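S.K.: only geometry, no sequence info:
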């Protein structure tokens with residue numbers, strides 16, 4: 001049993017009791033100063049190990065991955081790119097995309113992953129802010145948008161296969177793998193579910209510390225094999241899935257997209273699966289969740305996992321999905337324990353190296369080696385996002401139970417103030433979701449002259465259902481001021497690529 005924390009503080013789990021068996025117990029990895037430094041360390045341990053599998057190329061060994069990424073890094077440097085230059089990468093999941101990513105990091109570049117579905121306006125906004133010196137882009141139209149937006153500042157635009165950029169040996173390997181822990185590795189733009197995206201500049205140290213923490217906490221071993229269907233333009237798939245696998249020395253099976261039948265077929269060949277709640281919902285509704293039973297660990301994140309869905313998956317798969325909590329700006333922050341109780345609806349305890357506190361308004365604030373030092377060229381955003389004593393303000397509101405488990409109850413910007421009362425959307429959503437006629441629901445505040453804001457629910461119905469029926473159902477679980485004053489119906493809820501509801505569109 002964990003010690004009961006002081007009010008506003010989380011005691012956290014006894015991680016130290018578990019670490020003796022964790023990845024890294026047999027080798028000192030503290031001296032690694034960059035992601036490639038850690039990965040090369042692992043590749044040299046087992047050069048013949050099947051490291052990466054994709055549809056088009058099958059298995060690639062650690063030795064082959066090291067050689068191909070070294071050649072890619074030489075080519076990027078020979079093309080004139082310099083350490084610290086921003087480098088856009090945009091393409092579907094493939095061997096070439098991964099090699100371009102790793103090669104860019106080995107060349108000292110700061111990778112800017114770009115969603116392949118972005119519109120021209122979104123591309124121009126990111127390019128205008130990041131000011132990249134080069135880009136590796138799969139789509140010719142998007143490459144043109146990037147070239148036009150960057151203008152004279154862009155010295156290289158090529159395909160993700162980096163064709164023609166294989167630098168000669170004479171270019172010198174001494175210039176590669178020279179980055180330090182404070183150097184930038186990823187510039188990832190926030191998903192922008194509530195406002196203008198900002199560039200989170202993650203250093204090698206940020207990413208290494210987070211990967212090490214989850215390697216330890218989740219028992220991520222070299223013999224593991226991750227079935228990864230998440231996109232590689234987001235911190236979940238790239239910063240946790242791919243980076244974490246390579247840091248552990250584990251194999252990763254990369255799929256071009258999520259497909260229920262594909263996951264069910266390949267689960268028996270894997271030991272780990274990471275997904276968002278929408279993925280688990282589709283697996284459960286298909287009746288194929290039992291195919292996950294062979295996996296040793298299921299991880300869910302990027303959005304809240306409904307308790308009912310967690311129970312359904314657990315019943316079929318034989319384990320409760322491990323919920324965790326992270327952000328673009330911090331990578332991973334907390335996790336339910338690998339051993340011990342995984343409490344559905346909670347995101348567990350802070351991971352090794354992470355400090356967490358709740359402010360007077362219940363905002364979750366964190367600090368640690370995984371947290372960015374600031375947004376890219378945004379002193380205004382930094383002033384708003386960090387406290388005077390150096391804690392990062394997540395904008396998430398949380399509660400701690402007597403055992404120290406953290407539950408996220410909403411976003412501070414999503415808080416609805418109606419008639420002087422505070423209402424957390426998630427609480428109302430959970431109440432409405434228990435009605436059998438509700439498939440999905442999102443709650444927002446709409447402007448009201450009488451109330452300031454009205455609690456408004458947008459419902460995706462599962463069959464015929466009446467507004468008053470839903471209001472009466474909510475009233476059985478909620479105080480009157482939390483019951484939605486308005487209920488509207490929609491065919492679907494607007495979501496971003498990681499399954500988060502885009503509330504600004506509601």
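M.R.: Received, thanks. Treat the numbers as computed from the prediction; the structure is a model and nothing was measured.

S.K.: mind giving me the domain ranges of this protein?
M.R.: 15-400, 415-505 (automatic domain parsing).

S.K.: ranges for the helices of this protein?
M.R.: In the chain, the helices defined using DSSP state H lie at 35-45, 62-78, 95-106, 120-130, 140-150, 204-217, 243-248, 260-266, 277-286, 307-317, 379-385, 425-433, 467-475.

S.K.: can you tell me which of these the model trusts least?
M.R.: Confidence, taken as mean pLDDT, is least for helix 425-433 of the helices of the chain (a mean of 85).

S.K.: orientation of it relative to helix 467-475 in degrees?
M.R.: 120 degrees (axes from the mean of the first three to the mean of the last three CA atoms, to 10 degrees).

S.K.: could you list the buried residues of helix 425-433?
M.R.: For helix 425-433, a neighbour-count test (16 or more other CB atoms under 10 Å) marks 425, 426, 428, 429, 430, 431, 432, 433 as buried. Yep, even glycine has a C-beta here, placed from its N, CA and C like the rest.

S.K.: now do the contacts for the residue nearest the centre of the chain.
M.R.: Taking CA atoms, centre = their mean, the centroid of the chain lies closest to residue 236, which sits 2.5 Å from it. For residue 236, the contacting residues are 230, 274, 276, 301, 302, 326, 498, by CB atoms under 8 Å, 6 or more residues apart in numbering.

S.K.: any idea how far residue 223 is from it?
M.R.: Separation of residue 236 from residue 223 (CB to CB, to the nearest Å): 23 Å.

S.K.: if we can go back for a sec, for the helices of the chain, give me a markdown table that also has distance to residue 334.
M.R.: Output for the helices of the chain, formatted as a markdown table (distance: least, CB to CB, whole Å):
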| stretch | distance to residue 334 |
| --- | --- |
| helix 35-45 | 22 |
| helix 62-78 | 31 |
| helix 95-106 | 27 |
| helix 120-130 | 29 |
| helix 140-150 | 36 |
| helix 204-217 | 10 |
| helix 243-248 | 16 |
| helix 260-266 | 26 |
| helix 277-286 | 17 |
| helix 307-317 | 16 |
| helix 379-385 | 19 |
| helix 425-433 | 17 |
| helix 467-475 | 29 |
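
S.K.: of all those helices, which one comes closest to residue 344?
M.R.: Nearest of the helices of the chain to residue 344, taken as CB to CB: helix 307-317 at 4.1 Å.

S.K.: on contacts alone, who are the packing partners of that closest one?
M.R.: Identification of packing neighbours for helix 307-317 by 3 or more CB pairs under 8 Å, 6 or more residues apart in numbering; DSSP states H and E yields helix 277-286, strand 297-300.

S.K.: and the angle for that helix with helix 425-433?
M.R.: Using the same axes, to 10 degrees: helix 307-317 against helix 425-433 is 70 degrees.

S.K.: angle of helix 307-317 against helix 277-286?
M.R.: Relative orientation of helix 307-317 versus helix 277-286 (the same axes, to 10 degrees): 60 degrees.

S.K.: centre of the chain to helix 307-317, how far?
M.R.: 22 Å (CA atoms, centre = their mean, to the nearest Å).

S.K.: buried ones in it?
M.R.: Buried residues in helix 307-317 (16+ other CB under 10 Å): 309, 310, 312, 313, 314, 316, 317.

S.K.: doesn't residue 287 make contact with the third one?
M.R.: No. Because the distance of 10.7 Å does not satisfy CB atoms under 8 Å, residue 312 is recorded as not touching residue 287.

S.K.: number of residues surrounding residue 506?
M.R.: When neighbours are counted by other CB atoms under 10 Å, residue 506 registers 17.

S.K.: and the gap between residue 324 and residue 373?
M.R.: As judged by CB to CB, residue 324 and residue 373 stand 23 Å apart.

S.K.: now residue 204
M.R.: Applying CB to CB to residue 204 and residue 373 gives a distance of 12 Å.

S.K.: ok, residue 258 next?
M.R.: Going from residue 258 to residue 373 by CB to CB gives 33 Å.

S.K.: now swap in residue 425 and tell me
M.R.: On the measure of CB to CB, residue 425 and residue 373 end up 31 Å apart.

S.K.: what about residue 467, distance to residue 475?
M.R.: Residue 467 is 13 Å from residue 475, by CB to CB.

S.K.: mind checking which of the helices of the chain is nearest residue 339?
M.R.: Residue 339 sits nearest to helix 204-217 of all those, at 10.1 Å, using CB to CB.
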